[in-house]
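Novice: Everything below, folded, please.
(one chain, ligands or ions: 1)
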Amino acid sequence: MKPSLATLALGGVVIALGIALDKGLWTIPREWNPFQPLYLEDPLTPVTQWKLGRLAEDRQACLATLETARPGTLAYTPLEDHTPVAGCPLDNVVRVRRAGVDFNASFVASCPLAVAWTLFERHRLQPAARDVFGEPVASVRHFGSFACRNIYHRDNARRSQHATAEALDVAAFRLADGRRIVLLDDWEGDDSAATFLRRVRDGACDVFGTTLGPDYNAAHANHFHLGMQGMSLCR
Ligand SMILES: [Zn+2]
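Specialist: Next up is the predicted model:
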């Protein structure tokens, strides 16, 4: 069969792009190149989540990504692998004290969760706050990241993402001017707080494998569950 003109043209374009790449005439921006490391300050692209997924298998690459944070924005300590509760060993974890925002309490996070939070904070949470309120989020109230348990309200005995410190439950935000946005109180409605929370939920879906909130079920009426596993489950 004779190749169509369109097929030939496409082949020509592919060859030309290959030559351009090979000669360094055209470089893929770092954030679009799956073979380049993940940098926290780079814009999010569809490749970001893929890079993030690979960090779960690569402790050194993950810690190197945390090192790319703007100086002074991220305060964390890498932890030795340990088993705080029988049955729930923790590997490749860090203690996060500050990550662009203050927290009500420091928390243990898998290294990829710490990376994901920081990406989310930089590229989705703060832009939403600036757009809606004209000021950034100063601190975040969470319900914790580690809990050695199975998924609630499920008959299957699957381990929760919290059992490996791969999820953070976020309950409220305090803006720079002191105003508090609380999921339980502010999710419903169409005022600025509700608008902000919906943007936060949608933005989290661009980074986390699992984002669950009040729309998902009653167990999440008062917090967003931001978890690493899953393929962009977003409810
Ligand atoms: Zn959760």
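Novice: tell me how far stretch 105-116 is from the chain's mean position?
Specialist: 10 Å (CA atoms, centre = their mean, to the nearest Å).
Novice: for it, which positions count as buried?
Specialist: 107, 108, 109, 110, 111, 112, 113, 114, 115, 116 (16 or more other CB atoms under 10 Å). Just so you know, the C-beta spots here come from the backbone N, C-alpha and C atoms, and that holds for glycine as well.
Novice: ok, now stretch 173-187?
Specialist: By neighbour count with 16+ other CB under 10 Å, stretch 173-187 contains the buried residues 173, 174, 175, 181, 183, 186, 187.
Novice: average pLDDT across that stretch?
Specialist: What stretch 173-187 shows for mean pLDDT is 97.
Novice: All the helices of the protein, in order from the start?
Specialist: 5-22, 48-55, 59-66, 111-120, 126-133, 183-186, 192-205 (DSSP state H).
Novice: Distance to residue 141 added to those helices, as TSV?
Specialist: What follows is the helices of the chain, written out as TSV (distance: least, CB to CB, whole Å):
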stretch	distance to residue 141
helix 5-22	47
helix 48-55	24
helix 59-66	23
helix 111-120	14
helix 126-133	15
helix 183-186	9
helix 192-205	13
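Novice: what's the closest of these to residue 160?
Specialist: Nearest to residue 160, of all the helices of the chain, is helix 111-120, at 13.3 Å by CB to CB.
Novice: still on that earlier bit, most packed of the helices of the chain?
Specialist: helix 111-120 (a mean of 27; mean count of other CB atoms under 10 Å).
Novice: For residue 77, name its beta-bridge partners.
Specialist: For residue 77, the beta-bridge partners are residue 95 (DSSP bridges).
Novice: what does the one 5 residues further on give?
Specialist: According to DSSP bridges, residue 90 are recorded as the beta-bridge partners of residue 82.
Novice: What of residue 174?
Specialist: Bridge pairing for residue 174 - DSSP bridges - gives residue 139, residue 180.
Novice: Hmm, residue 139 and it touching each other?
Specialist: Yes - the pair residue 174 and residue 139 qualifies as a contact (CB atoms under 8 Å) at a distance of 4.6 Å.
Novice: Can you name the residues of this protein sitting close to the ion?
Specialist: When proximity is defined as CB under 5 Å from the ion, the chain approaches the ion at 167, 169, 225.
Novice: Please work out the residue of the chain nearest to the ion and name it.
Specialist: Closest to the ion within the chain is residue 225: 3.4 Å, counting by CB to the ion.
Novice: what sits against the residue nearest the centre of the chain?
Specialist: The residue lying closest to the centre of the chain (CA atoms, centre = their mean) is residue 116, at 2.9 Å. Going by CB atoms under 8 Å, 6 or more residues apart in numbering, residue 116 touches 52, 207, 208, 226, 228.
Novice: Residue 74 versus the closest residue in space to the last one that isn't next to it in sequence, what's the distance?
Specialist: This means residue 228. Leaving aside its chain neighbours, residue 228 sits nearest to residue 166 (4.2 Å; criterion: CB to CB, 6 or more residues apart in numbering). Distance from residue 166 to residue 74, counting by CB to CB, to the nearest Å: 18 Å.
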